[in-house]
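J.: I need the structure of the sequence given here:
(chains A and B)
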Amino acid sequence: MSPIRSRRARTALATLAALAALALAPATSAQQVVDRWRPNPPASSYGQRFDDLFLLITVLIGVSFAIVLVLLIVPVVRDRARPGHKASFDHGSSLHDKRFTAVVSVTVFIVLDAWVLVVAMKDLREGYWNMPRPDTPDVLRVEVLAQQWSWNFRTPGSDGELGTPDDVLSINQLTVPQDRPVALNVTSKDVIHSLFVPDMRVKRDANPGAINVAWFQPIKAGDFQILCAELCGYAHYQMHGKLHVLPAAQYDAWEQEASAIALAEHDPNDAEARWAWDFKE
Amino acid sequence: MSGDQIHPVPTGFLRRHVFSTDHKVIARQFMWVGFLGLFLGGVMAMMIRWQLAHPGEPFPLLGMLFWPSSGGAIPPDAYNTLFTMHGTIMIFVGLTPLLIGAWGNFCIPLMIGARDMIFPTLNMLSFWTLFLGVGVAVYSLFVPLGAAEGGWTAYPTLSSNIGTPGDGETLWAISIFLIGASSIMGGINYITTIVRLRAPGMTWGRLPLTVWGLFFTSVLNVLFLPVIGSAMILMVLDRVFGTSFYIPATMAQGGGGDPILYQHLFWIFGHPEVYILILPAWGIVGDLLSFFSRKPAFGYRVTVGALAAVTILSAVVYGHHMFTTGLTAMLGESFMLLTFIISVPGEILFFNWLHTLWRGDLRLTSAMLFSMGVIFVFGLGGLTGIYLATISTDIYLHDTYFVVGHFHLTMAASSLFGAFAGCYFWYPKLYGRMLDERLGKLHFWATFLPLTFVFCAMFFSGYGGMPRRYFDHTDNPYTNELQWINELTSTAAFILGAAQLLFVVNVLKTIRSGAKAPQNPWEVGTLEWTAASPPPHHNFDTIPVVLTGPHEFSNPAIRGGKDWIYQTEPLSG
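T.: The predicted model follows:
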C-alpha cells in the first residue's frame, strides 16, 4: 500500500469518526430519546396501503442502490491507478453493448417502475380515489374552510344536511365517527393551505376559489394531529388542529349534543358563521 | 483563418475586465457571482438549520445585527424570507451562473475549437442582465414591509398582495424575470455557437459530453424560461396594477382568476429547471469519469441519446409536483406514468457511467471524487424520487422533509458536485494555477459525508410526517416527536457549511502561491488542453482540425507509451 493511499484512507476515516462524534454529541448530551422516526401506525382504512407500498419501494430501491454502490466501489478498490496498471479499452458502442443496455433498461423498468406503478394504480383505485359517491350510505360529509391560520370545520349535525342551522361548526377541532367514510370538501378563504392528517395518510390542498375533495375512513378511535402542509404565511407552523375519532355510539351522542347547542346558539344574522357551500360531486 | 480574431484584444481596463466580450472573462465573472450566490445561500441555510434545531434562540454572532428587536432570534417572517431566498439564490444566483454561466462560457468555445462565442456582445449583456437581476434580488431583502416570503415557488395567492403585501415579493418576481432573460440570452448564444462554430472535424459525434449537456440545457433554457417570465409578468401585473390573473372570484379582491394557473406555469418551467441544472453536471461527469478512468466513455452515442430523451421528457412530467393540488385522476396517472418513463434514460446514464469506471485505471483526483460523488448522491436522490412519482405515496410525502431531502440530493447536491468537479478540473486552465489536490480531496470528503447525512436524515423526518417550511416544529406534539432528527441534521449541516471553508482556503492559497499549471495537467485530449493555461485572448493560434473523438483513452493504436491523444492527433499516428 502506497503512503498516499494510506494517508487518504486515514483522512477519510478521521473525517468519518469526527462526523459521527459530532453528530452524536448533542443527542447524548441532551439525553434525548429517539421519540419517533416514522409515522404512527395507519389509522385509516387505506393507510396500510401507503405503508406497504412504501416498504416495497424501499426494498426495491435498496437493492438497486446496493448494486450501484458495488459497481462504484469495486473499481475504486480494484482498478485504482498504479504503475504498470492499464485500463481496458472499450467504447461500449458495439451492437452487443447496445443490446445489453436495452435489456438492463427494460428489466429495471419492469422490476422497479412497472411493479410500483401497478400496485400504486390498484391502491389509488381501491383507496384514495375510491371516493364516497352520493349514494354511498353512512358517509359523514365535512366542509373544510381553511384560513390564515386556522381550520374551520362544518359537519351536518343530527339532520344529516349541510347548510342547516344545526350544522356543527368548529375551529381546529374535527370530530368524526369511527368506521364510517368521511368525505371532505376543502377550500380556502385566502391563500393556499393543505389539510394533512398524517395518521390517516391523507393530504389535500385547500385552494381559494375551488373545492377540492378527499376522503378517509378512520379505523381506530383516538386523537390525531391535523397539520397544514402548504406554506401559508407567517404562522403556517401554528396552523394545526386535532381530529377526534369517536366510536359510533359515542359519536352519535356527541353529535346530538353538539347539534342541540348549535341550534340553540344559531344566529341567522351572523354572516360569518353561515359559510357553507353546495356539496359537489 | 489563422490569426483571425472575432474581436481585437481590448486595451482599456474596463473593456478588458469589466465590460468584456471575451468568453473567458465572462466565465470568470459568472463564476464569482456563482460563488457569491453559494455563499449567501449557504449562510441562509445555516440560519434556517439553526432555527430548526434551536427554535427561538438567538442566532450566534450575526443574530443581533439582523434581528435586534427579537434579541437576535430569527422571527417567523424573517425565517420565511430565509428559506424563500435560500432557494432562489442557490438556484438562480449560485448554481445557474456557476454551471451554465461559468463552465458553459468557458468550455463551449474552447472545447469546440472556436475563438469566442458567436455573439460576444450578447454574452456580455447576458452577464450584466444577470447582475442586475441579482442586484434586485439582494435589494429586495431590505425593502419596507419585508422581502419575499412566499417560498421559492411563490404560489399565489400567498405571493399576491393578500399574502405578502411588501415590495419584496414584487422585486423578487422582477429579479426572476431578469435572471430568466439572462439565461435565454445565454441559451441562444450557446446553441448557435455549438451549431455554427465547431472546428473542422468536430462532428456532433466528437463533441465532448460536457458540450452536449450544455447544449441540451440551453435548449431547455430557451424553451422554458419564457414560461416563467410570463408567469412573473402576470404576478407583477396582479401585484402592482390590480389585475387578478391568479386571484379567484370568491375573494374580495378577486376578479375571476385562478391560483392554479400559476402552478401550471411555474412547474412547466420548474421541472425542466431541475434538468437545466443537472444536465450540465451530467455532461461534465460523463467526461470526467472517462478522463480519470483513462477509458472511453461507455456507450457515447447511447449517453447522448439518453441526455436527449431526458431533455424531451423533462417537459412532460411537471404535473408530479401537483398531485395534491387537485389534478383529475386521469391527469395525475398520466404524469405518474411519464415520470416513471423518465427514469429509464436516467438509469441508462448510470449504467454507462458505472460501465466507464469498470476496469479503468482510476485516478482519484478531486475532480474525479466529486464526479463519483454525483453518482452516489444522484443515485440516492433519483431512486427516492420513485416514492414521490407514485401518487399514492406522494400524497403522504408531499410537502414534507422527504421532498426537501430528495430534491436537495438530485438538483442541489448533484449539480453542486458537478460544479465543483468542473472547478477542480478547469481551474488550472481558467487561471493558469493548480488548486491544491490534498485540500481538494479533504474538501470532497468533508462535504460528501455530512451532506449525505443531512439529506438522508430529512428522508426520516419527512417519512415521520414533518411538513417543510415550518418555523418551529416543537409547536405541535406530532412534529415535536421528530425534533431530535432536526437537531442531528443541523449539526451535520453546520459541519457541511464549515467544510466549504476548505475550498475558500484552497482558492486563496492558489491565488497566493499555487503551482503554475502546465498546459495539460490531467493528460486529456479535448481541445481546451491544446491551448495554453490560461488560454490567450483568441484561444487558438490556428483553428484546430479535429481528427478523433474526445475519449480515445488507452486505445491500443496510440503509440509512444501514452494512454491518450489530443483530438487534433490522428489515431494511427
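J.: what backbone torsions are found at the one residue in the stretch 51-200 of chain B that gets nearest to chain A?
T.: Per C-beta to the nearest C-beta, B:L158 is where the stretch 51-200 of chain B lies closest to chain A, at 4.1 Å. Any C-beta I mention is one placed from the backbone N, CA and C, and that applies to glycine too. For B:L158, the backbone dihedrals are phi -70, psi -40 (criterion: degrees, to the nearest 10).
J.: ok, it - contacts?
T.: Residues in contact with B:L158 (C-beta atoms under 8 Å, 6 or more residues apart in numbering or on different chains) are A:191-192, A:231-233, B:149-151, B:164.
J.: do A:W129 as well
T.: A:W129 makes contact with B:A329, according to C-beta under 8 Å, 6+ apart.
J.: tell me the secondary structure for A:D205?
T.: Under DSSP: H, G, I helix; E, B strand; the rest coil, A:D205 falls in the strand class.
J.: rewinding a little: and the contacts of B:L158 as TSV, adding neighbour count and secondary structure?
T.: What follows is the contacts of B:L158, written out as TSV (neighbours: other C-beta atoms under 10 Å in any protein chain shown; DSSP: H, G, I helix; E, B strand; the rest coil):
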residue	neighbour count	secondary structure
A:V191	29	coil
A:I192	24	coil
A:L231	28	coil
A:C232	27	coil
A:G233	20	coil
B:E149	27	coil
B:G150	26	coil
B:G151	19	coil
B:T164	30	coil
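J.: of all the residues you listed, which two lie farthest apart?
T.: A:I192 and B:E149 (14.0 Å; C-beta to C-beta).
J.: which positions in the stretch 151-281 of chain A make contact with chain B?
T.: Contact residues (C-beta under 8 Å from any C-beta of the partner chain) of the stretch 151-281 of chain A with chain B: A:187, A:189-192, A:194, A:196, A:198, A:201-205, A:207-210, A:212-213, A:225, A:227-238, A:240.
J.: number of nearby residues for the residue in the stretch 101-250 of chain A positioned nearest to chain B?
T.: Closest to chain B within the stretch 101-250 of chain A is A:G209: 2.3 Å, counting by C-beta to the nearest C-beta. Using other C-beta atoms under 10 Å in any protein chain shown, A:G209 has 19 other residues around it.
J.: go on, B:L65?
T.: Using other C-beta under 10 Å, B:L65 has 9 other residues around it.
J.: quick one: the strands in the stretch 101-250 of chain A?
T.: All strands of the stretch 101-250 of chain A, identified by DSSP state E, counting those that start in this stretch, fall at A:140-147, A:150-155, A:168-171, A:173-177, A:182-188, A:193-197, A:202-206, A:212-216, A:222-228, A:241-246.
J.: the last one - contacts with which helices or strands?
T.: With contacts taken as 3 or more C-beta pairs under 8 Å, 6 or more residues apart in numbering or on different chains; DSSP states H and E, strand A:241-246 sits against strand A:173-177, strand A:222-228.
J.: who touches the longest one?
T.: When you say that, I think you mean strand A:222-228. A:43, A:146, A:149, A:151, A:172, A:174, A:193-200, A:236, A:239-245, B:465, B:467, B:476-479.
J.: many thanks, have a good one.
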